[in-house]
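> A predicted structure for the sequence below; I have some questions about it.
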Amino acid sequence: MYIVYLPLSICYYYALAIKAILEQFNSKTHTLVLELEDVREHDRRVTEEAEIAQRDLHQALTESQKNASLLTEYHELYDLQRKRLEKQINLIASEKELWRGAAHTIALKVIVEHKLATSKRLSLAEQTWYTLASHFSIYLMDKDTIELTDVHKSANAWREIVETFDREQGQREFETTKNLARLIKSIETLRIAFRQDHFDLEGKLSQIPDPRKAIDYLNEIKRWEDSCTHEIEKFGGDTVLINEERMKKADRQLKKWIDMTERLLSRHPSTNSGDNTEQQALRDLFENISILHSQYRIRMTGENGLAQTVIFFSNVLESWSSKFNTYAYTGGKISEGEWLAFYSQMDEWLEGINKAVAFVGKSTKDSSDELDEQKKGNAVKNIVEATAVLQQANKGLVSLRHYVESHNGRIS
């Protein structure tokens, strides 16, 4: 057996290495212990929260069962009350028929006993008129039921068209807003870069852009033109034709709805102030629907000022695109004043595009058109919301059915 004696320095090195390894091991062990404690603490908190949630859930279920039991009791009580009232109504109706039959029998006996010929003829006429009135009231109720069903069909068809158009128009306007926001950001970025590259600290034009820089500006302007062209296409061509056809279809359904409603109301003229109120509510509904259609046409054609603003901006961009193209590729000249005009117009463009963003979704014509209407003596119509009109339409249908059925109830 050989004993190897290592130098003292190497032994010292190994001792330090072993000590470092042990310290690292102890440090990692301590870290793991701390992490284990954190995990235990987290588990404890989660367990407590789960217990609290379980207690809350149990309490909520208990309350729900109590409420369900109470609701069941109220429902049973309601059924008992309804059945009791139905029995009383049937009893009163049978007693009424009994007394009516008895009175009629006594009247016939009196007529026969005293030979009252005129009274007998009146009795026969009354029975005949009663039979005819019953027949025509049944016929009227059947016809009203059919036309009320047709009214609901036309109203539902109109509602589907309006809801679809409103949803798609809202999506188009959302895309327009995003597109204009990107355009504003791009103009602001170019404006800042143009000032940093070509103006000195005193705000004077110090360096005219070279043709290579003009090509960069030209490419940016062409992207702006493409954005404007995309927006302008929404106000013409197939998009407007399709939307206009939808609005015409909605107009036809509205006309059918109005015609059938007027026929129903003509057979049931108003007899008190409450009836007049219901008929006025229906007239207000149809007026608001007409206003809503007008607002949709204004928004889809851009007559609210949006189309005019975007087209004007597109024309300005086309002019600058032509100038930059000539300067960059054919050796044309752009004076210092024109470069200053280009920079200053970017502020005007930002103002115009921000104004265009405000026009998006606007339901009235541009302010200049409104002033022209007022000068001509035409009142500018109020703005209505699609959601409010749809709710008003639902109430109008319920009101019309109630109005007709209450009249039929009085007739029968």
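Cool, the structure landed.
> after the lowest-mean-pLDDT helix or strand in the chain, which helix or strand is next?
Within the chain, no helix or strand scores below helix 367-375, which has a mean of 50 by mean pLDDT, DSSP states H and E. Sequence order places helix 386-411 as the next helix or strand after helix 367-375, per DSSP states H and E.
> for the protein, what's the longest helix?
helix 8-114 (DSSP state H).
> averaged pLDDT, that helix. What do you get?
Averaging pLDDT along helix 8-114 yields 80.
> Lys249 - how many residues pack around it?
Applying other CB atoms under 10 Å, we find 14 residues neighbouring Lys249. C-beta here means a position set from N, CA and C on the backbone, and glycine is covered the same way.
> what helix or strand does it sit in?
helix 238-267.
> which strands and helices sit next to that helix?
Applying 3 or more CB pairs under 8 Å, 6 or more residues apart in numbering; DSSP states H and E, one finds that helix 238-267 makes contact with helix 117-198, helix 273-301, helix 386-411.
> the shortest one to helix 273-301, inter-axis angle?
Comparing the axes of helix 386-411 and helix 273-301 via axes from the mean of the first three to the mean of the last three CA atoms, to 10 degrees yields an angle of 150 degrees.
> before we move on, what about the longest one?
Relative orientation of helix 117-198 and helix 273-301, computed by the same axes, to 10 degrees: 30 degrees.
> immediately after helix 117-198, which helix or strand?
helix 211-232.
> give the buried residues for the helix holding Lys249.
Across helix 238-267, burial judged by 16 or more other CB atoms under 10 Å covers 240, 243, 246-247, 250, 253-254, 256-258, 260-261, 264-265.
> now swap in stretch 328-348 and tell me
Buried, per 16+ other CB under 10 Å, within stretch 328-348: 328, 334, 339, 342-343, 346.
> which one of those residues is nearest Leu61?
Relative to Leu61, the closest of the buried residues of stretch 328-348 is Met346; by CB to CB it sits at 64.6 Å.
> can you pull the pLDDT of that closest one?
pLDDT at Met346 comes out at 91.
> excluding its backbone neighbours, what's nearest it?
Excluding its sequence neighbours, the residue lying closest to Met346 (CB to CB, 6 or more residues apart in numbering) is Arg191, at 4.4 Å.
> that neighbour touches Glu348, doesn't it?
No: Arg191 is beyond contact range of Glu348, at 11.1 Å (criterion: CB atoms under 8 Å).
> how about CSV for the helices and strands packed on helix 238-267, with mean neighbour count added?
What follows is the helices and strands packed on helix 238-267, written out as CSV (neighbours: other CB atoms under 10 Å):
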stretch, mean neighbour count
helix 117-198, 14
helix 273-301, 17
helix 386-411, 16
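> which one of those lies closest to Glu220?
Using CB to CB, the helices and strands packed on helix 238-267 put helix 117-198 closest to Glu220, at 5.6 Å.
> just want the angle from the closest one to helix 238-267.
Going by the same axes, to 10 degrees, helix 117-198 makes 160 degrees with helix 238-267.
> what sits against Arg195?
By CB atoms under 8 Å, 6 or more residues apart in numbering, the residues touching Arg195 are Tyr343.
> TSV for the helices and strands packed on helix 238-267, including mean pLDDT?
Listed next are the helices and strands packed on helix 238-267 as TSV, based on pLDDT from 0 to 100:
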stretch	mean pLDDT
helix 117-198	84
helix 273-301	86
helix 386-411	85
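> who wins for proximity to Leu34 among those helices?
Closest among the helices and strands packed on helix 238-267, using CB to CB: helix 117-198, at 48.5 Å.
> how about TSV for the helices and strands packed on helix 238-267, with distance to Thr72 added?
Shown next, in TSV, are the helices and strands packed on helix 238-267 (distance: least, CB to CB, whole Å):
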stretch	distance to Thr72
helix 117-198	34
helix 273-301	37
helix 386-411	29
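> and the ones you listed: which comes nearest Thr47?
Closest of the helices and strands packed on helix 238-267 to Thr47 is helix 117-198, at 46.5 Å (criterion: CB to CB).
> okay, angle between that closest one and helix 8-114 too, please.
Between helix 117-198 and helix 8-114, the angle comes out at 160 degrees (the same axes, to 10 degrees).
> could you check the angle helix 211-232 makes with helix 117-198?
Put simply, helix 117-198 runs at 180 degrees to helix 211-232, going by the same axes, to 10 degrees.
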